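Chemist: Sequence and predicted structure below; questions after.
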Amino acid sequence: MTAIRWGILGSGNIARKFASDLRYVENAKLVAVGSRHRSTADAFAAEFKVRHKHNTYEALAENAEVDVIYIASPHAMHHAHTLMCLERKKAVLCEKALAINSKQVKEMIDLARKEKVFLMEALWTKFLPHYQKLQEILKEGILGEIKSFLVNFGFIPNIPVPQRLFDPALGGGTMLDIGIYNVFMALSVLGRPDDIEATMTPAITGIDEQCAVLFKYKNGALAQLFSSYTSNLATEADICGNKGRIRLTHRFYEPGTTIEFYPGRVDSKQVLTVPKEPGHGYHYEARHVGECLRMGLTESPVMRFADSLLLMETLDRIRKMAGIRYAEDN
Ligand SMILES: NC(=O)c1ccc[n+]([C@@H]2O[C@H](COP(=O)([O-])OP(=O)(O)OC[C@H]3O[C@@H](n4cnc5c(N)ncnc54)[C@H](OP(=O)(O)O)[C@@H]3O)[C@@H](O)[C@H]2O)c1
């Protein structure tokens, strides 16, 4: 089997973790990196033994030896960087949030369809074993009817604070960065909300440094979602039905979480084990992309265009309610 040849756009925090995890993907090879500067491209290439080092993103996208590009720039650049790669017929795995708003997401999907090139949002949680296990549990119906979902994601950023977290020009704010995981889980458990309430606390830069969201459903179910850059919260999720409760322990979106099942009373805990592989957990989505490309697919059957669109449309609705705006919304 020929190896899938990966290129990485950007050389920051997540680019490094993804590069490190590619070694756990069978028949995958990291062959190129694109950075805005020669020095950072060289440093990344030396660290991960990458053959092609480009000091522009365009040069990376034009490299004929690259099959697929992992976009690891800040969210505000995802739209432009994805379009640039798709126009050059390069398959794309783009970090979350896929873009700033659903208008941009639609344009990205339209271009992938037009060029018949693969595009997927790197919503890595969807490919993790514990998430798959959770889906099985929900399908079996052992929790009964789900009536409430509670989820928190909050941390105080380490100093020096990464610029992209608070800078509106980079898509800063909790909702698109970490609240997106809360929304993704709520959609997975309860589906599209019938009604949304949301409020936020603005940081000095105007972005949301905290956001509280309520999803309401016609069957009476409620989901409560909280994201914060000002509090170190237990980043956990509780899914509660009339026959039991599941708790995903800190951090609910990562492979390190544990699934606790409380069939009845609060003190009757069972721990459901899931297999864990070495690595940060980004190899699961990378493996899936490789499988899609080998099958000649241009859309993932797991993280579909409709999934990314629903996620972003829900984020749009929340931002509208809470008053979180970016220049891209104008
Ligand atoms: N899935 C996950 O678990 C996860 C975790 C963290 C972040 N993310 C996502 O990954 C993306 C990047 O986050 P990160 O934490 O890796 O950010 P980061 O450390 O700041 O790195 C972002 C990289 O993007 C490139 N870039 C291009 N234009 C830029 C600009 N105007 N300002 C700053 N950087 C620019 C830079 O690479 P060059 O200098 O090499 O060009 C930079 O190193 C975000 O969308 C975030 O939501 C996902």
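Modeler: Thanks, I have it. Numbers count the residues shown, from 1 in each chain.

Chemist: residues contacting the closest residue to the ligand within the stretch 201-330 of the chain?
Modeler: At 7.0 Å from the ligand, Y282 is the closest residue in the stretch 201-330 of the chain, using Cβ to the nearest ligand atom. (C-beta placed from N, C-alpha, C; glycine too.) Residues near Y282 by Cβ atoms under 8 Å, 6 or more residues apart in numbering: 17-18, 21, 122, 124.

Chemist: Same check on G7?
Modeler: 30-34, 52, 60-61, 63, 66, 68-70, 90.

Chemist: That one and N63, how far apart?
Modeler: According to Cβ to Cβ, to the nearest Å, G7 and N63 sit 6 Å apart.

Chemist: before we move on, back to that, between the contacts of Y282, which is nearest V289?
Modeler: When these are compared for distance to V289 (Cβ to Cβ), A122 wins out at 8.8 Å.

Chemist: pretty sure that closest one contacts A97?
Modeler: No - when contacts are counted by Cβ atoms under 8 Å, A122 is not listed as touching A97 (10.2 Å).

Chemist: What residue in the protein comes nearest to the ligand?
Modeler: For the chain, Cβ to the nearest ligand atom, closest residue to the ligand: G12, 1.9 Å.

Chemist: Excluding chain neighbours, what is closest to that residue?
Modeler: Spatial nearest neighbour of G12, chain neighbours left out: A72 (6.3 Å); criterion: Cβ to Cβ, 6 or more residues apart in numbering.

Chemist: Is S73 within a helix or a strand, and which one?
Modeler: Under the criterion of DSSP states H and E, S73 resides outside all helices and strands.

Chemist: Could you find the closest non-adjacent residue to it?
Modeler: G10 (4.4 Å).

Chemist: Next, work out how far apart that neighbour and V33 are.
Modeler: If you go by Cβ to Cβ, the gap between G10 and V33 works out to 9 Å.

Chemist: These two - which one has more neighbours?
Modeler: More neighbours surround V33 than the other of G10 and V33, with 30 against 25 (other Cβ atoms under 10 Å).

Chemist: and the more buried one, what are its bridge partners?
Modeler: Beta-bridge partners recorded for V33 (DSSP bridges): I8, K53.

Chemist: Show me how the record splits this structure into domains.
Modeler: For the chain, automatic domain parsing gives the domain ranges 4-124, 129-279.

Chemist: can you redo those domains as TSV with mean pLDDT and distance to L311?
Modeler: As requested, those are exported to TSV (pLDDT from 0 to 100; distance: least, Cβ to Cβ, whole Å):
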stretch	mean pLDDT	distance to L311
domain 4-124	98	8
domain 129-279	96	6
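
Chemist: Which among these is found nearest to G296?
Modeler: Checking these against G296 by Cβ to Cβ gives domain 4-124 as the closest, at 9.0 Å.

Chemist: out of everything not next to it in sequence, what's closest to L119?
Modeler: For L119, ignoring the flanking residues on the chain, the nearest one in space by Cβ to Cβ, 6+ apart is A112 at 3.7 Å.

Chemist: For the stretch 101-250 of the chain, what lies in contact range of the ligand?
Modeler: Within the stretch 101-250 of the chain, the positions lying close to the ligand (Cβ under 6 Å from any ligand atom) are 122, 124, 162, 164, 170, 177.

Chemist: Look up phi and psi at the residue nearest to S73.
Modeler: phi 100, psi 150 (degrees, to the nearest 10).

Chemist: swap in I239?
Modeler: phi -110, psi 120.

Chemist: Spell out, range by range, the helices that occur in the chain.
Modeler: 13-21, 38-48, 57-61, 75-87, 102-115, 129-140, 163-166, 174, 180-190, 283-294, 305-322 (DSSP state H).

Chemist: Would you mind saying which of these lies nearest E260?
Modeler: That would be helix 129-140 among those, by Cβ to Cβ, at 11.3 Å.

Chemist: who does the closest one touch, helix- and strand-wise?
Modeler: Judged by 3 or more Cβ pairs under 8 Å, 6 or more residues apart in numbering; DSSP states H and E, the packing partners of helix 129-140 are helix 180-190, strand 244-248, strand 259-262.

Chemist: Which one of those lies nearest to L297?
Modeler: When those are compared by Cβ to Cβ, helix 180-190 sits nearest L297, at 21.7 Å.
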